[in-house]
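Peer 1: this is a predicted model, with the sequence first.
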2 protein chains.
Amino acid sequence: APMTGELRCQCLSTVSEVIQHKRIATVELIPEGPHCIHSEVIATLKNGIKSCLNPEAYWVKLIIRKIMNRFQGSS
Amino acid sequence: APMTGELRCQCLSTVSEVIQHKRIATVELIPEGPHCIHSEVIATLKNGIKSCLNPEAYWVKLIIRKIMNRFQGSS
């Protein structure tokens, strides 16, 4: 179960409108588990608002790929 | 800047050893921004420990892909 103590799915539905990459402060991926039968993707925007994203949506995969590609190894 | 108020990079280095998918409670992706010149990936394990992951490592990309593929649309 996620460490936040949530013993259930955190998203009832996911947003359909595209959120621009630059509005996003963090993206949290929560793997499925005993607490929830599917994985969840929760974006926290720079204005503090949290949005549940649909991992199957193309624009969501693009945002995650963008974040992953912007890493210059520091180790 | 990430909502946690961190005005700098949160990871000094990244773990090299592979973390098993089932030990992970959440994965947080933080896009680069004024606060940090590169994106960061922080896993919170089920035991509460936080680890900085290297987004370029194959096993990290695999974990993120696994999480993304475990979503049965509920919207």
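Peer 2: Received it, and whenever you're ready, just let me know what you need. Residues are numbered from 1 along each chain as shown, chains lettered A, B, ... in the order given.
Peer 1: how close does A:Leu62 get to chain B?
Peer 2: A:Leu62 sits 12 Å away from chain B, going by CB to the nearest CB, to the nearest Å. In short, each C-beta sits where N, CA and C put it, glycine included.
Peer 1: what's the answer for A:Gln20, then?
Peer 2: 11 Å.
Peer 1: what's around that residue, how many residues?
Peer 2: Other residues within reach of A:Gln20, judged by other CB atoms under 10 Å in any protein chain shown, total 9.
Peer 1: next one, pLDDT for it please.
Peer 2: We have a pLDDT of 92 for A:Gln20.
Peer 1: what does the one 10 residues further on give?
Peer 2: pLDDT for A:Ile30: 93.
Peer 1: that one is in contact with A:Ser39, isn't it?
Peer 2: Yes. With contact defined as CB atoms under 8 Å, A:Ile30 and A:Ser39 form a contacting pair (6.4 Å).
Peer 1: any shared contact partners between the two?
Peer 2: The contact sets of A:Ile30 and A:Ser39 overlap at B:Ile67 (CB atoms under 8 Å, 6 or more residues apart in numbering or on different chains).
Peer 1: ok, those two, which is more surrounded?
Peer 2: With neighbours defined as other CB under 10 Å, A:Ile30 and A:Ser39 compare such that A:Ile30 has more, 28 against 20.
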